[in-house]
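*Asks:* could you work out the structure for the sequence below:
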Amino acid sequence: MSNRKMITAALPYANGPVHIGHLAGVYIPADVYARFQRRLGKDVAFICGSDEHGIPITIRAKKEGVTPQDIVDKYHEIIKKSFSDLGISFDEYSRTTSKNHYETSQDFFKVLYEKGKFTEEMSEQYFDEQAGEFLADRYIVGTCPNCGNENAYGDQCEKCGSTLSPSELINPKSMLSGNVPILKETKNWYLPLNEYEDFLNEWIIEGHKDDWKPNVYGQVKSWLNDGLKPRAMTRDLNWGVPVPLPGAEGKVLYVWFDAPIGYISFTKEWAEKNGKDWKDYWQSEESDLVHFIGKDNIVFHCIIFPSMMKAHGDYIMPKNVPAFEFLNLENDKISTSRNWAVWAHEYVEDFPGQEDVLRYALLSSAPETKDNNFTWKDFQTKNNSELVGIFGNFINRVAVLINKNFDGIIPEGNIDAPELAEIGEKAKEIRNYLEKYEFRNALTAFMNLARFGNKYLADEEPWKTVKTDLEKTKEILFIGSQIAVALGNLAEPFLPFTAQKIYDIFNVEQMNWEDVETSKVLIKGGHKINVAPLLFSQIADDVIEAQIQKLEDTKQNNKKTNPNANPMKDEITFDDFTKIDLRTATITEAEKVEKADKLLKLTVDTGVDVRTVVSGIAESFTPEEVIGKQVMILLNLAPRKIRGIESQGMLLLTTKPDGKLSFVTPDDSNVENGIEIG
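*Replies:* Numbers count the residues shown, from 1 in each chain. Here you go, the predicted structure:
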């Protein structure tokens with residue numbers, strides 16, 4: 001096994017924050033593995049960064065009325081901070097909009113182009129004539145041919161889950177203009193994946209049938225059995241890495257071509273900062289490359305990216321791709337579009353100082369080989385029963401007893417006590433599981449050592465023996481302190497913040513993993529420890545109920561026919577309603593209010609009288625546009641002065657999706673002024 005570990009974690013899309021599904025399915029297991037390898041003394045590069053290209057980002061930008069760069073700048077910082085707050089120990093976290101990444105991706109593409117690895121193919125793609133651009137699949141909507149959903153995308157129907165192509169949609173329309181797109185010829189560069197089938201079969205199907213996870217191996221085998229086809233490595237878009245060829249204006253690299261190259265470009269950045277040679281990690285057989293991803297990325301990391309690297313010729317292949325399945329939330333699929341998620345940055349705000357609780361809960365529910373489920377009640381139980389009741393309880397009892405009875409000095413004890421053998425055995429067991437990417441089993445083995453320590457104290461009862469047999473008490477607490485320090489060291493990959501607290505309590509430095517496995521004494525007699533704060537605290541029912549209620553509010557909000565609608569105001573009685581006097585009226589005169597950009601002074605014929613109304617509609621209408629407009633007016637609203645003008649009433653308006661105001665008016669334009677509404 002190599003001494004050099006090149007560890008990557010899937011690049012998160014910078015079109016939104018990170019949620020617990022991402023954390024459980026990629027980033028926390030990857031961090032555990034990277035921390036563990038460092039503890040073994042390996043030369044580790046743990047690399048990640050924001051994926052800042054691709055259609056999801058441009059769609060979000062259009063929805064919010066900003067540029068794609070605005071979107072990625074915002075979410076890159078949110079994501080980066082979330083990872084840091086939760087102790088994800090990347091050696092480099094960068095972004096695919098960096099100059100270095102553009103150059104690395106373009107150089108990679110040019111090498112393949114110059115080697116003749118691409119084919120140039122003409123194809124017909126949907127084109128929006130009004131917008132003047134080709135449409136990515138996600139910018140085409142129409143009726144799903146399978147379930148009749150009228151808002152299916154050109155690549156997938158989110159209602160029935162069918163995978164689609166734009167040509168299959170019934171009545172396709174452009175999301176950019178709403179018009180019916182036309183088919184137009186365009187040229188793109190394709191990587192003939194079919195030419196790499198023999199290589200992939202030999203490398204994966206034969207070479208990794210015994211050491212890759214069944215879910216990964218099975219999916220790759222299925223793809224290869226179905227036969228691979230050429231895949232376009234360029235796209236007709238205006239957001240992405242430009243294709244570095246003459247005559248390729250308006251084309252960018254396919255996001256799944258440039259994104260995995262981000263691992264390489266980010267390694268270059270890290271290597272330059274740290275006096276390393278990036279090629280040692282990517283182009284040397286002495287390096288083990290490991291990709292941590294979710295199951296939806298298996299095809300890209302096990303078929304497309306390896307084919308790209310094989311075509312290039314200078315790169316090593318992944319040693320393993322331990323892809324995880326999906327994590328559900330409260331028995332429902334996590335969905336960013338439905339806001340059905342627990343967001344990392346919100347968790348850190350809601351549970352300050354409890355980052356390791358989330359790490360523990362997600363690791364213990366990690367969807368390693370099949371989808372798993374997260375519930376807030378289970379989260380509470382894991383904290384209160386396991387972290388507080390078992391792990392934290394043991395560390396606290398050992399430290400408190402030593403401080404109380406021996407002035408904080410570790411007593412001398414028997415270094416050959418049989419109980420100490422359990423430390424080395426558990427350390428080896430955890431190592432064995434982590435090397436096989438079995439994180440849940442590793443965490444269980446770790447907690448079993450804490451259970452062993454608790455049982456040892458319960459059986460020996462040092463709080464009683466201190467009154468009857470001081471020497472025996474010293475022996476018990478010497479052994480207890482060895483287990484406690486071992487737990488601190490073994491906790492570090494899983495619970496780094498808690499591990500540091502234990503180092504501080506026992507006044508020790510972190511040890512290499514092998515020393516924990518083999519040393520008879522981890523902390524010597526005569527060593528002074530510090531006063532012990534509680535490692536974990538109970539999480540009350542009301543805290544959990546608040547999180548459940550937040551999800552329930554989300555569920556209710558998702559039932560809205562208009563998700564942008566504000567919540568209903570407080571209920572009123574029928575008697576309250578009868579007091580409101582709504583009438584039809586007509587605006588007869590209008591002028592701007594001096595030194596007030598938003599206000600118009602209106603003269604309104606209410607049928608009862610002619611009165612003045614001051615209204616904040618000047619940003620949506622000119623005075624000329626509203627004269628003669630039939631409107632609805634709240635007639636019996638108490639007058640008030642606005643900019644020195646007495647305003648007598650309020651007009652009824654609503655806000656359109658573009659932010660502009662719109663009058664609420666009668667359907668029949670011949671309704672007389674003064675007619676009551678209600």
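*Asks:* strands of the stretch 101-250 of the chain, start to end?
*Replies:* 119-128, 133-134, 140-143, 152-153, 170-174, 182-191, 231-232, 234-235 (DSSP state E, counting those that start in this stretch).
*Asks:* out of those strands, which gets nearest to residue 80?
*Replies:* strand 234-235 (26.7 Å; CB to CB). For glycine as for every other residue, the C-beta is placed from the backbone atoms N, C-alpha and C.
*Asks:* low-confidence stretches in this structure?
*Replies:* 1, 161-163, 560-568, 657-659, 669 (pLDDT under 70).
*Asks:* if we go to 50?
*Replies:* 561, 563 (pLDDT under 50).
*Asks:* save the strands of the stretch 101-250 of the chain as TSV, and put in distance to residue 212 too.
*Replies:* Listed next are those as TSV, based on distance: least, CB to CB, whole Å:
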stretch	distance to residue 212
strand 119-128	30
strand 133-134	38
strand 140-143	36
strand 152-153	32
strand 170-174	40
strand 182-191	23
strand 231-232	23
strand 234-235	31
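*Asks:* in CSV: those, plus mean neighbour count and distance to residue 83.
*Replies:* Below are those laid out as CSV (neighbours: other CB atoms under 10 Å; distance: least, CB to CB, whole Å):
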stretch, mean neighbour count, distance to residue 83
strand 119-128, 15, 37
strand 133-134, 18, 34
strand 140-143, 21, 34
strand 152-153, 24, 30
strand 170-174, 16, 37
strand 182-191, 16, 32
strand 231-232, 18, 31
strand 234-235, 24, 29
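*Asks:* quick one: closest of those strands to residue 252.
*Replies:* Of the strands of the stretch 101-250 of the chain, nearest to residue 252 by CB to CB is strand 234-235, at 5.6 Å.
*Asks:* if we can go back for a sec, which of the strands of the stretch 101-250 of the chain sits closest to residue 78?
*Replies:* Using CB to CB, the nearest of these to residue 78 is strand 152-153, at 25.6 Å.
*Asks:* could you say what helices and strands the closest one packs with?
*Replies:* strand 140-143 (3 or more CB pairs under 8 Å, 6 or more residues apart in numbering; DSSP states H and E).
*Asks:* may I have the strand it packs on exported as PDB, CA atoms only?
*Replies:* Provided in PDB are the C-alpha atoms of strand 140-143 (Å, rounded to 0.1, in the frame of the first residue of the first chain):
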ATOM      1  CA  ILE A 140     -36.400  23.100 -22.300                       C
ATOM      2  CA  VAL A 141     -39.700  22.200 -20.700                       C
ATOM      3  CA  GLY A 142     -42.700  20.300 -22.100                       C
ATOM      4  CA  THR A 143     -45.100  17.500 -21.500                       C
END
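*Asks:* what's in contact with that strand?
*Replies:* With CB atoms under 8 Å, 6 or more residues apart in numbering as the test, strand 140-143 has contacts from 126, 149-154, 166, 169-175, 181.
*Asks:* and of the strands of the stretch 101-250 of the chain, who's closest to residue 60?
*Replies:* strand 152-153 (14.5 Å).
*Asks:* got the contact list for the closest one?
*Replies:* For strand 152-153, using CB under 8 Å, 6+ apart, the contacting residues are 137-138, 140-144, 158-159, 162, 164, 169.
*Asks:* how about 7 Å then?
*Replies:* With contact meaning CB atoms under 7 Å, 6 or more residues apart in numbering, strand 152-153 is reached by 137-138, 140-144, 164, 169.
*Asks:* same deal with stretch 348-358?
*Replies:* By CB under 7 Å, 6+ apart, stretch 348-358 touches 82, 85-87, 347, 383, 387, 495, 497-498, 536.
*Asks:* now the end-to-end length of that stretch.
*Replies:* 9 Å (CA to CA, to the nearest Å).
*Asks:* now swap in stretch 583-600 and tell me
*Replies:* Termini of stretch 583-600 sit 20 Å apart (CA to CA).
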